[in-house]
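Peer 1: Structural data only, the sequence is not supplied:
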C-alpha cells in the first residue's frame, strides 16, 4: 500500500521555519514567535511590519503614522549606536534588503520571528538583531483553480484637537500683557487644525488565483492600495503584483521555485514632495 500525505497550509502555525529546516513548535528550545495569515487578516495595515505591532512579545514596532511610513522594528533592543539595528529579513529562504512595506500583506502565509542568539548560528553576524522569516502563499499540486478577493475600507481621523484661543481671545491676551493696539493684528480667525487635518478614507483591494497543473502549482495576485493620511497633503497609491510557479520534473527529483514580484508606487507627504 502506498500512502501519500498532502501538505496542508492550515497547519503552518504548528511548524516553525528555522533557517534551512522546519521544526515542530513544541520541540524548539529557542525563543520563536509565529504570526499566521489569520492574525494578519485582522489588521487593516498594508505594511507587514506595522501589522506585527503588539503581536510578538518583546518586539517593538514604531512608525510616523504617515501612509508611506514603514515600521521600524526592534527585536533585541539597541546593541550599537554606530551600526544598523534592523533585523535580518528572509523571504522564502532568500535574505533581502528590500523595503518590506512594499510587500503585499495578502501574499504572506506566515511570519516567524527568531529572537534569541541561537539564530546567529545559522545566519551569522547578520542575525545579531534577530531574524524575521516570511513564507509567502503558493499553489499546490492537484488543486483546482480558485479565485479569491479581499478588500477593506479604513477611516482615519485625528484623535483630538487642541483647545486654542480664537482671534478675539488672542487680541485680548496681547492687549493685557503688552498694552499694544490689538487691532493691528487683523481680523482673521482661522482654526489651522481644521485647515491641516481631515477625516481620511483609504481602500485596499486584492485579487488572487491559485491552483495546480500537472507537476506545476501556481499562484498569481494583484493588489491595489489607495491610502490617505489625516494630513490633507498626504497620500499613497500602490500596485503590487506577484507570480509564483513551482514546477517539478524527472518524477519530482528536480524541483524549481520561480517567484516574480512587481511594485509601483506614487506618494506624497506634507512638504516632503
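Peer 2: Yep, it's here. Everything quoted here is computed from the prediction, not taken from an experiment. Numbering: from 1, shown residues only.

Peer 1: how about the helices in the chain?
Peer 2: Listed in chain order, the helices of the chain (DSSP state H) span 37-41, 48-51, 120-123, 167-178, 192-196.

Peer 1: Export those helices as TSV, with columns for mean neighbour count.
Peer 2: Where you see a C-beta, it was placed from the backbone N, CA and C, and this is true even at glycine. Converted to TSV, those look like this (neighbours: other CB atoms under 10 Å):
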stretch	mean neighbour count
helix 37-41	15
helix 48-51	23
helix 120-123	14
helix 167-178	13
helix 192-196	10
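
Peer 1: what's the nearest residue to residue 197 if we skip its chain neighbours?
Peer 2: The spatial neighbour of residue 197 that comes closest, neighbours along the chain excluded (CB to CB, 6 or more residues apart in numbering), is residue 158 at 4.8 Å.

Peer 1: What about that neighbour, how many residues nearby?
Peer 2: For residue 158, the tally of surrounding residues (other CB atoms under 10 Å) stands at 13.

Peer 1: what do you get for the one 4 residues further on?
Peer 2: The number of residues packed around residue 162, counting by other CB under 10 Å, is 5.

Peer 1: Which pLDDT value goes with the residue nearest to it when sequence neighbours are not counted?
Peer 2: Setting aside the residues directly before and after it, residue 162 is nearest to residue 193 in space (CB to CB, 6+ apart), at 6.9 Å. The predicted local confidence for residue 193 comes out at a pLDDT of 90.

Peer 1: Contacts only, for residue 193.
Peer 2: Applying CB atoms under 8 Å, 6 or more residues apart in numbering, one finds that residue 193 lies in contact with 158, 161-162, 164.

Peer 1: In strands only, show me these.
Peer 2: Of the contacts of residue 193, none are assigned to strands by DSSP state E.

Peer 1: where's the residue nearest to residue 197 relative to residue 232, distance?
Peer 2: Look at residue 158 and residue 232: by CB to CB, to the nearest Å, they are 11 Å apart.

Peer 1: Now do the shared contacts for these two.
Peer 2: residue 197.

Peer 1: what's the closest non-adjacent residue to the residue nearest to the spatial centre of the chain?
Peer 2: When the chain is reduced to its mean C-alpha position, the nearest residue by CA atoms, centre = their mean turns out to be residue 48, at 1.6 Å. Closest residue to residue 48 apart from its sequence neighbours, by CB to CB, 6+ apart: residue 105 at 5.1 Å.

Peer 1: Model confidence for residue 31, exactly?
Peer 2: Residue-level confidence at residue 31 comes out at 64, pLDDT.

Peer 1: picking up where we left off before, redo the helices of the chain as TSV? Include distance to residue 5.
Peer 2: As requested, those are arranged in TSV below (distance: least, CB to CB, whole Å):
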stretch	distance to residue 5
helix 37-41	22
helix 48-51	30
helix 120-123	27
helix 167-178	75
helix 192-196	59
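
Peer 1: Nearest to residue 264 among those helices would be which one?
Peer 2: If you check each of the helices of the chain against residue 264 by CB to CB, helix 48-51 wins as the nearest, at 18.1 Å.

Peer 1: can you list the weak-confidence ranges in the protein?
Peer 2: For the chain, applying pLDDT under 70 flags the ranges 8-32, 36-46, 69-71, 76-83, 99, 117-120, 178-179, 271-273.
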